[in-house]
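S.K.: let me see the structure of the following:
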Amino acid sequence: MNASPVRWWLSGMVAVGIIYGAIPPVSAETETNPVTPGDVPGLPAVAPVTPVPPNSPGVQDFRNLPPLLAPVLPEENPLTTPTEPAQVDIKTNQALSLRQSLELAAQTNRDLQVARARIDAARAGLRQAQAALFPTLDFQSNFQRTESAQSEISGRVARINAVGGSVANVVSGSNEGASITWDGTLRLNYNIYTGGQRGGQIQQAQEQLRQAVLNGVQVAQELQLDVSSAYYDVQNADAQVGIGQSAVRNAEVSLRDAQAQLRAGVGTQFAVLQAQVQLANSQQQLVNALRDQRVAQRNLVQILSLGNQVAVTASDPIETAGQWATPLDQSIILGWQQRPELVVQLSQRRFQEAQREIALSGIRPNLALFAQTDYLRFYESPTGLDKGGFGQGYVFGLQFSFTLFDGGAALAGARQATANIAVADISYANVRNQVRFQVEQAFSDLRANEANIKTAALALEQANESLRLARLRFQAGVGTQTDVINQENALTQAQGNLVTAVLGYNRALASLERAVGNAPFNFANFARPPVSP
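M.R.: Modelled structure (predicted):
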């Protein structure tokens with residue numbers, strides 16, 4: 001195979017689910033057959049793993065995926081809350097592979113949707129900041145009719161003087177004091193130089209968009225790890241149920257053997273009681289395993305943000321997911337090169353540098369251009385002489401401003417931004433150390449579980465053979481029921497150890513993918529990169 005482990009997960013593992021088989025019952029007339037790992041219910045088949053080299057981020061683009069499993073998709077309106085019990089009853093039980101789970105998560109996960117929305121908001125914020133590169137154009141207009149006592153008297157006097165009429169005739173007139181006007185103003189403003197404030201605000205908006213995209217990448221990587229871990233939890237719960245069922249069957253066989261020997265007069269009531277206690281304990285463990293199975297399945301549904309009436313099961317068999325072929329030292333370098341958390345700190349540093357420029361712009365000169373034109377139209381006046389009059393004017397110029405003293409606010413703001421730059425530098429070094437530790441921890445877990453798989457597989461074969469011999473000895477009368485019970489417990493433990501080792505290996509591999517920053521898909525396809533100034 002020449003695909004990365006993440007791509008291998010996304011394209012493979014589509015085999016049938018865990019099938020709970022039955023271990024042949026052992027009685028006085030039958031002999032126990034050896035049980036291989038693949039024969040035990042829920043137990044993984046240990047197959048040789050193929051080296052798979054890691055790859056760079058951007059494994060697969062899920063934008064054009066066809067709608068998957070329509071019955072399990074959540075409601076369209078996220079504000080919808082069920083109010084009737086029938087609305088939360090489980091109606092769909094969907095078996096999912098790990099690949100299908102990752103694809104569904106890419107479409108339905110709420111955290112990923114929030115990340116996309118924040119990118120859209122940050123992109124709008126950048127466009128808002130870039131609007132300062134353009135001039136503003138304002139228009140204002142007023143249309144009004146005014147009538148006052150003083151203007152009415154003034155109008156009468158003016159008409160008397162103009163036409164030589166009598167006072168009686170003037171008094172009898174109407175609307176002598178009314179005035180109707182329409183005026184408007186058109187103004188253009190443009191900031192030629194802002195002392196670095198405009199450029200700093202645009203730079204901050206660009207960094208906020210960049211950080212939103214990087215946060216989306218982090219969410220996508222965490223989502224891949226969370227979905228994989230939750231899926232492995234479901235597989236583990238299924239395996240524990242299968243192991244519990246196997247333990248119950250073994251305990252039932254032992255109880256039948258003890259009861260048969262008691263009836264034949266070669267056994268004791270004590271052996272029967274021991275077998276009954278063992279069966280009760282196995283049944284209780286099975287009940288707990290079924291509970292854990294339901295919890296694990298609901299946790300996967302919650303991470304996938306599926307509908308309220310959906311339950312999921314794991315369809316993939318439990319098997320190793322691949323092998324990490326990159327040495328530890330190269331894995332550390334890969335993590336430093338690809339982890340978005342480190343780039344976030346660099347972006348935060350540039351954000352604070354822009355903040356320092358904004359602070360210093362308060363004590364730098366500013367130059368602005370303005371131009372304005374206005375007009376006035378009379379439709380009616382108290383004298384009647386201005387009816388139909390129209391006037392227009394304009395003004396333009398440059399405005400220069402400079403703050404001579406601000407009480408030290410600008411310099412204090414600049415010092416604050418400088419201190420925040422130092423914080424970003426220290427945070428970068430701290431995150432870098434955390435990345436190295438996470439890579440080393442996941443790498444160590446991977447190697448340890450790789451060795452545990454071989455040991456657990458061998459121990460399972462030995463436990464199976466020990467149980468077979470213990471039963472033969474008990475049936476022959478040379479062994480005790482305690483020996484059989486101990487070997488049953490040892491077999492159950494060996495089965496669980498193998499499941500734990502295989503799933504622990506897969507979890508470590510998923511954690512290592514997250515630690516080095518291998519993305520499950522190209523999140524940048526959901527969010528265009530920041531626009532260059």
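S.K.: those strands in this protein, which residues are they?
M.R.: Here the chain has its strands, by DSSP state E, at 51-52, 92-96, 136-147, 178-193, 310-314, 323-324, 366-380, 390-401.
S.K.: and residue 116, how far from residue 122?
M.R.: 11 Å (C-beta to C-beta, to the nearest Å). Placement of C-beta: from N, CA and C, glycine included.
S.K.: which one's more surrounded, these two?
M.R.: With neighbours defined as other C-beta atoms under 10 Å, residue 116 and residue 122 compare such that residue 122 has more, 22 against 16.
S.K.: what sits against that one?
M.R.: 205, 208, 209, 211, 212, 213 (C-beta atoms under 8 Å, 6 or more residues apart in numbering).
S.K.: what's the spacing between residue 235 and residue 504?
M.R.: Distance from residue 235 to residue 504, by C-beta to C-beta: 12 Å.
S.K.: what about these two, which has more around it?
M.R.: residue 235 (27 against 20).
S.K.: domains of this structure?
M.R.: 52-77+86-134+196-362+407-525, 137-193+366-401 (automatic domain parsing).
S.K.: Throw the ones you listed into JSON lines and include mean pLDDT, thanks.
M.R.: Formatted as JSON lines, the domains of the chain follow (pLDDT from 0 to 100):
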{"stretch": "domain 52-77+86-134+196-362+407-525", "mean pLDDT": "87"}
{"stretch": "domain 137-193+366-401", "mean pLDDT": "76"}
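S.K.: out of those, indicate the one that is most buried.
M.R.: Of all these, domain 52-77+86-134+196-362+407-525 carries the top mean neighbour count, a mean of 19, counting by mean count of other C-beta atoms under 10 Å.
S.K.: now the end-to-end length of stretch 123-136.
M.R.: 21 Å (C-alpha to C-alpha, to the nearest Å).
S.K.: who's in contact with the closest residue to residue 184 other than its chain neighbours?
M.R.: Distance criterion C-beta to C-beta, 6 or more residues apart in numbering; nearest residue to residue 184, sequence neighbours excluded, is residue 141 at 3.9 Å. Residues near residue 141 by C-beta under 8 Å, 6+ apart: 182, 183, 184, 185.
S.K.: nearest to residue 254 among the residues you listed?
M.R.: Closest approach to residue 254 among the contacts of residue 141 (C-beta to C-beta): residue 185, at 98.9 Å.
S.K.: residues in contact with that closest one?
M.R.: Neighbour list for residue 185: 138, 139, 140, 141, 372, 373, 374 [criterion: C-beta under 8 Å, 6+ apart].
S.K.: can you give me the helices for the chain?
M.R.: 5-11, 98-108, 110-130, 149-163, 167-171, 197-264, 269-304, 328-338, 340-360, 409-476, 481-516 (DSSP state H).
S.K.: would you turn these into TSV with distance to residue 78?
M.R.: As requested, the helices of the chain are exported to TSV (distance: least, C-beta to C-beta, whole Å):
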stretch	distance to residue 78
helix 5-11	27
helix 98-108	11
helix 110-130	8
helix 149-163	62
helix 167-171	73
helix 197-264	17
helix 269-304	14
helix 328-338	32
helix 340-360	26
helix 409-476	32
helix 481-516	27
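S.K.: I figured residue 358 was touching residue 197, is that so?
M.R.: Yes - the pair residue 358 and residue 197 qualifies as a contact (C-beta atoms under 8 Å) at a distance of 5.3 Å.
S.K.: list the contacts of residue 487.
M.R.: Taking C-beta under 8 Å, 6+ apart, one finds 463, 466, 467, 470, 471 in contact with residue 487.
S.K.: can you rerun that using 6 Å?
M.R.: 466, 467, 470 (C-beta atoms under 6 Å, 6 or more residues apart in numbering).
S.K.: closest one of those to residue 89?
M.R.: residue 467 (42.6 Å).
S.K.: just give the closest residue to the closest one, not the sequence neighbours.
M.R.: Nearest to residue 467 is residue 487, by C-beta to C-beta, 6+ apart, at 4.1 Å.
S.K.: look up how far residue 258 lies from the one you found.
M.R.: 14 Å.
S.K.: equivalent analysis for residue 433, please.
M.R.: In terms of C-beta to C-beta, residue 433 sits 60 Å off from residue 258.
S.K.: tell me the one of the contacts of residue 122 nearest residue 305?
M.R.: Out of the contacts of residue 122, the member with the shortest distance to residue 305 (by C-beta to C-beta) is residue 212, at 20.5 Å.
S.K.: I figured that closest one hits residue 118, correct?
M.R.: Yes - using C-beta atoms under 6 Å, residue 212 makes contact with residue 118 at a distance of 4.9 Å.
S.K.: can you tell me which two in the contacts of residue 185 are farthest apart?
M.R.: 141 and 372 (13.6 Å).
S.K.: make a markdown table from the contacts of residue 487 and add distance to residue 480 to it.
M.R.: Output for the contacts of residue 487, formatted as a markdown table (distance: C-beta to C-beta, whole Å):
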| residue | distance to residue 480 |
| --- | --- |
| 466 | 14 |
| 467 | 14 |
| 470 | 9 |
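S.K.: measure the residue nearest to residue 184 to residue 375 for me?
M.R.: Residue 141 is 9 Å from residue 375, by C-beta to C-beta.
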